[in-house]
Each structure stands twice: as C-alpha cells, then as structure tokens.
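S.K.: quick one, what's the 3D model for this:
(one chain, ligands or ions: 1)
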Amino acid sequence: MSEQEEMRDRPIGVFDSGVGGLTVAREIMRQLPNERIVYFGDTARVPYGSKSPETIIKFSRQIARFLQTQNVKAIVIACNSASSCAVEALEREVELPIIDVVRPGAKTAVSATKNNKIGVIATEATIGSGIYSRYIQEQNADAMVLSKACPLFVPLVEEGLWEDPVTDEIAGRYLTELIDVGIDTLILGCTHYPIIRSTIGRIMGDGVTLVNPAYETARELKSLLQEKGLESSHRPGLGTELYRFFVSDAADKFQKFANSILTYGILSAKVINIDEY
Ligand code: DGL
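M.R.: Take a look at the predicted model:
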C-alpha cells in the first residue's frame, strides 16, 4: 500500500465539548459514508460555552494531541465555541488539515441573505469572540450581523426538552429582538441548536432561512479531502470499526444521548484521561 493510500484509509478526528458535536458527526456519516471517524467528547469539562478563550484553547490543544495519537488524517472542530477560540492556534500548531464549523456557516449565510441582515445565535464564548461577525463582514462588508447568546438552549436540549412549552417560552424571549430587526437568515451557531430547529423555525417564521453549520461543515470536509486526495474510496472492510467514540467522563450518559440522535447505534464510548495529553 502506498503512503497516500495509507493516509486515505485513516479516520477523521472529530471533537466537541460533549455530545453536541454528534450533530456534526451525523452529517459527516451521511455525506461521507466511506469515512471512519474517531470522535472525542469532553464530557468531564463541558460546557465550553461559558469558559474563557484561554481555557478553551488549552482543552482543544489536549484533544488535538489525543486525536493525533489515533492516527487521524484531518481534524474537525465540531464545537462552535472551540472553533471560535481555538481554530487559529490549532492551525498554527497541528500539521493536519483542520476544519472548523464557523467558516462554513458564515459562508452559507452570506450567500443565503437577500436583505443583508444576518442573525447569529450561539454560546457566550462564540458570541464573545466576534468570529461569526468577522467572517461574515470579510465576505460582505454591507452585512449587518445581529448576535445573540442563548445559554439556556444547551441545557434544555440536554434535558431532552426538544418539543416543550418551556423551550418555546425561552426561545420566544431570545429570538424576539432578531425578529424585530428583520433578519432574513439565522445561523444556528451552536452544536445543540439544530436539534431544536423546528422550534426556532416556527418562532422565526417562514421568511427566515436557518443555516445549520453542521451540514455545511460536512460538505466543506468532503471538498477538502477531495482536493488533497485524502478521500477514502471504499467502505472499510469487515472487522474494521467504522466509528469509535471517546469521552472524558460519564460514558453511559453520552451513549444514551448518542443513540437518541444517531441512526447508527453506537457500541460503546471509552473514557480516557484527557489531562494526560
Ligand atoms: N458544543 C458547544 C458549542 O457548539 C455547546 C456546548 C458547550 O457550551 O460546550 O458551542
């Protein structure tokens, strides 16, 4: 086997602060069915969305080091908070293609908007980094970006309140100002938000396009792998595990959540000590 063929057969490393990145992993599984995935969820240290950029960078570096021990061919930062704070550090330090979820989402929103009014909803860390606004305005200087941190959405999703009057009430309060400004495009800038997409869509109304960065990230990953000649050309043979999951704590809870959103039933998630990396 040539070195290039060996590279192509390697898995893709995907990481998140916990379970949310599974929405990105799910899109990669759908759009790139031949690719193997090694997923790491930092369940011991979640949430990242309320932490400082320094801490998020430190955690992301450790995870990138762990993923490299798993011989991955590319790394997908499936967490918006980690993408916002750590992508530049990882791009400088890691010699592998790195894909984040923010750039693909920003790019899609710029092509989708007609009135140049784009909303971004995300965690406090993502909104505080200002990165969505920066990427959007780099591509369209006339775009007006209205950003809103929605910190309660993550616990609501993790509590399973996907279709619930409590979620409707909170979403109504968060989204009112975006409706008042008249945005026509809304980026779901946090891994958990696509899970409550129908609630958000109902409140925003039909005139607002919802952008799911998970979908765009998988598309971007596909073109990057093609461009670099790294796309796996066949589904791995029998006996090769297609997807492997690692967490830093509470594997059972992770597994339960994963099974509720992935069509592929996961076998097990292994706990590792991420502080060793
Ligand atoms: N995965 C995080 C994000 O997309 C949400 C959960 C957290 O705050 O860690 O920003």
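S.K.: going forward, measure contacts between C-alpha atoms and count neighbours the same way
M.R.: Fine.
S.K.: quick one: name the residues of this protein near the ligand.
M.R.: Residues of the chain lying close to the ligand by C-alpha under 6 Å from any ligand atom are 16-17, 20, 46-49, 79-81, 123, 190-191.
S.K.: what about 8 Å?
M.R.: Within the chain, the residues that sit near the ligand (C-alpha under 8 Å from any ligand atom) are 16-21, 46-50, 78-82, 122-123, 125-126, 151, 154, 189-192.
S.K.: of those residues, which belong to helices?
M.R.: Secondary structure defined by DSSP state H assigns N80, S81, A82, A125, T126, V154 of the residues of the chain next to the ligand to helices.
S.K.: shouldn't the third one be in contact with I56?
M.R.: Yes. Taking C-alpha atoms under 8 Å as the definition, A82 is a contact partner of I56 at 6.1 Å.
S.K.: shared neighbours of those two, anything?
M.R.: Taking C-alpha atoms under 8 Å, 6 or more residues apart in numbering as the contact criterion, the common neighbours of A82 and I56 are Y48.
S.K.: of the two, who's got more company?
M.R.: A count of neighbours by other C-alpha atoms under 10 Å puts A82 above the other of A82 and I56, at 26 against 23.
S.K.: and the pLDDT for I266?
M.R.: On pLDDT, I266 comes in at 62.
S.K.: just the strands in the stretch 151-277 of the chain please.
M.R.: In chain order, the stretch 151-277 of the chain shows strands spanning 185-188, 209-211, 243-247, 269-271, with DSSP state E, counting those that start in this stretch as the criterion.
S.K.: what pairs with the last one, and is each one parallel or antiparallel?
M.R.: Looking back up the chat, that one is strand 269-271. Taking DSSP bridges as the criterion, strand 269-271 pairs within the sheet with strand 243-247 (parallel).
S.K.: hey, C-alpha coordinates of the partner strand in CSV?
M.R.: Written as CSV, here are the backbone C-alpha positions of strand 243-247 (Å, rounded to 0.1, in the frame of the first residue of the first chain):
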residue,chain,number,x,y,z
TYR,A,243,-16.8,4.8,14.3
ARG,A,244,-15.1,5.0,17.6
PHE,A,245,-16.1,7.2,20.5
PHE,A,246,-14.0,8.5,23.4
VAL,A,247,-15.2,10.7,26.2
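S.K.: what comes up buried for that strand?
M.R.: Residues of strand 243-247 classed as buried under the neighbour-count rule (16 or more other C-alpha atoms under 10 Å) are Y243, R244, F245, F246, V247.
S.K.: swap in stretch 154-165?
M.R.: Applying a neighbour-count criterion of 16+ other C-alpha under 10 Å, the buried positions in stretch 154-165 are V154, L156, V157, W162.
S.K.: and that stretch, end to end?
M.R.: End-to-end distance for stretch 154-165: 16 Å, by C-alpha to C-alpha, to the nearest Å.
S.K.: not counting it itself, show me its contacts.
M.R.: Stretch 154-165 is touched from outside by T167, H192, Y193, I195, I196, T199, with contacts defined as C-alpha under 8 Å, 6+ apart.
S.K.: tell me the contacts of the residue minimising distance to the centre of the chain?
M.R.: Among the residues of the chain, the one closest to the centroid is A78, at 3.0 Å (C-alpha atoms, centre = their mean). With contacts defined as C-alpha under 8 Å, 6+ apart, the neighbours of A78 are V14, F15, D16, G21, V24, A25, D100, V101, T191, A214.
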